[in-house]
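J.: I need the structure of the sequence given here:
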Amino acid sequence: MNRQEYFHHEQFYKGIIRIIGIGNELCYLIIGNNKAALVDTGAGIGNIREYVESLTNLPIYVILTHAHIDHSAGSFYFSQVYLTSEDAKLLDLEFNSNQCNEMKNSLIEFAIASNRQIGDIDIEDIVTPYKRKFELLSDGDVFDLGNISLEVLTCPGHTKGSVMILIKELRTIIFGDACHPCTWVHLQESTSVADYRNSLLKIKSREADYDRVLLSHRPRDAKKEILTEIIHVCEEVMDGRSDKIPFEFNGFYQSYIAKKVDEEDGIMRADGKIGNIIYKND
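T.: Numbers count the residues shown, from 1 in each chain. Reported below is the predicted structural model:
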């Protein structure tokens, strides 16, 4: 496959291009007058750097919302990448050959799980990770692209170092995986539900600054009310009032879905509301 076949894109809004990877993971290219910013880099299947450089010739900031490989693996195609210190620890920077192979196998499994035929993927087109350092992100950091600026809003929950990206002039925010119709906060690297709720309350204090919400997976966009609904779900979990439906992942029942989901969809809530979490009982 060539690079064009691993990715496609859509002009979501003036100044924002949404890039869709082979596993339907989403990245966002924001283009200003002087610079561009790539928010997340996909799963490392196909050279996203070449693809992005076919869309703009501006210098590019590369910013990761969090460290999970379906959003961060493509970062190894770039020399300078911004990530929080908490999530930099999630990416094992001491890769040996065995770890590299394990990561490539994980990326292939990700593509298969996303309904792509394994024969479509050339192993040479999967990124090779290496020991590297990241430029560190902090809450309140601003990236000036010329007429467009991005503000980093930390939102620990899905991971302890997750961030959202506020595109001020376009009144748009990238929630990424930090606040999703079915947010995962049951992982080893997740915070407690109470801490996640506190993170969302901090983001809610900025609600007047944006109108559009962008996600890192389907359904791609969300109504801004999702924030309030997930805060409410967190409170139900904390009070013992959730539906507490066992959640299976890789053969284990170690977690719970707070609110019943539509059986056919598997993500969206059965009651038509848009906020949900997967959490651990502890």
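J.: what sits against T183?
T.: Counting by C-beta atoms under 8 Å, 6 or more residues apart in numbering, T183 makes contact with G157, H158, D177, Y196, I230, N276, I277, I278. C-beta: built from backbone N, CA, C; applies to glycine.
J.: let me fix that: H180
T.: Counting by C-beta under 8 Å, 6+ apart, H180 touches H158, L215, S216, H217, A222.
J.: Repeat the analysis, applying 10 Å as the threshold.
T.: For H180, the contacting residues are 158, 215-219, 222, 226, 230, 267, 274-277, taking C-beta atoms under 10 Å, 6 or more residues apart in numbering as the criterion.
J.: which of the residues you listed count as buried?
T.: Buried subset of the contacts of H180 (neighbour count, 16 or more other C-beta atoms under 10 Å): H158, L215, S216, H217, A222, I226, I230, I274, G275, N276, I277.
J.: how long is stretch 5-19 from one end to the other?
T.: End-to-end distance of stretch 5-19 (C-alpha to C-alpha, to the nearest Å): 12 Å.
J.: For that stretch, buried residues please.
T.: Neighbour counts using 16+ other C-beta under 10 Å place Y6, F7, H9, F12, Y13, G15, I16, I17, R18, I19 of stretch 5-19 among the buried residues.
J.: Retrieve the pLDDT associated with F252.
T.: Here the pLDDT value assigned to F252 is 61.
J.: ah, wrong one, I meant F143
T.: If you check F143, the pLDDT there is 98.
J.: any low-confidence regions in the stretch 51-200 of the chain?
T.: Along the stretch 51-200 of the chain, segments meeting pLDDT under 70 span 92-104, 107-108, 110-120.
J.: And the helices in it?
T.: If DSSP state H, counting those that start in this stretch is used as the criterion, the helices of the stretch 51-200 of the chain fall at 69-72, 85-88, 97-113, 193-204.
J.: Out of the contacts of T183, which sit inside strands?
T.: For the contacts of T183, membership in strands holds for I277, I278, with DSSP state E as the criterion.
J.: Looking at the contacts of T183, which is nearest L145?
T.: D177 (23.3 Å; C-beta to C-beta).
J.: what about T128, neighbour count?
T.: The burial count assigned to T128 is 14, neighbours taken as other C-beta atoms under 10 Å.
J.: ugh, typo on my part, it should be N34
T.: Summarising burial for N34: neighbours were counted as other C-beta under 10 Å, giving 12.
J.: and it, that one's in a helix?
T.: No. For N34, which was evaluated using DSSP: H, G, I helix; E, B strand; the rest coil, the result is coil, with no helix membership.
J.: For it, give me phi and psi.
T.: For N34, the backbone dihedrals are phi -110, psi -30 (criterion: degrees, to the nearest 10).
J.: same deal with R49?
T.: Dihedral pair for R49: phi -60, psi -50, per degrees, to the nearest 10.
J.: Enumerate every residue touching the residue lying closest to it once chain neighbours are set aside.
T.: If you skip the residues right next to it in sequence, R49 has Y77 as its closest partner in space, 4.0 Å away by C-beta to C-beta, 6 or more residues apart in numbering. By C-beta under 10 Å, 6+ apart, the contact set of Y77 is 41-42, 44, 46-52, 62, 127-128.
J.: Verify the stated contact: N281 with S255.
T.: Yes. Here N281 reaches S255: they are 7.9 Å apart, a contact under C-beta atoms under 10 Å.
J.: Give me the more crowded residue out of these two.
T.: Between N281 and S255, counted using other C-beta under 10 Å, the more crowded position is S255 (19 against 9).
J.: circling back to that earlier point, please produce TSV containing the contacts of T183, extended by distance to K244.
T.: Listed next are these as TSV, based on distance: C-beta to C-beta, whole Å:
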residue	distance to K244
G157	19
H158	20
D177	22
Y196	17
I230	16
N276	12
I277	11
I278	11
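J.: Which one of the contacts of T183 is nearest to L26?
T.: Distance from L26 was checked for each of the contacts of T183 by C-beta to C-beta. The minimum falls on D177, at 10.0 Å.
J.: That closest one contacts H66, correct?
T.: Yes. Counting by C-beta under 10 Å, H66 is a contact partner of D177 at 6.2 Å.
J.: These two: who's more crowded?
T.: Counted by other C-beta under 10 Å, D177 and H66 do not tie: H66 has more neighbours, with 26 against 22.
J.: Tell me who's in contact with that one.
T.: Contacts here follow C-beta under 10 Å, 6+ apart; on that basis H66 touches 40, 72, 83-84, 86-87, 90, 155-163, 176-178, 189, 216.
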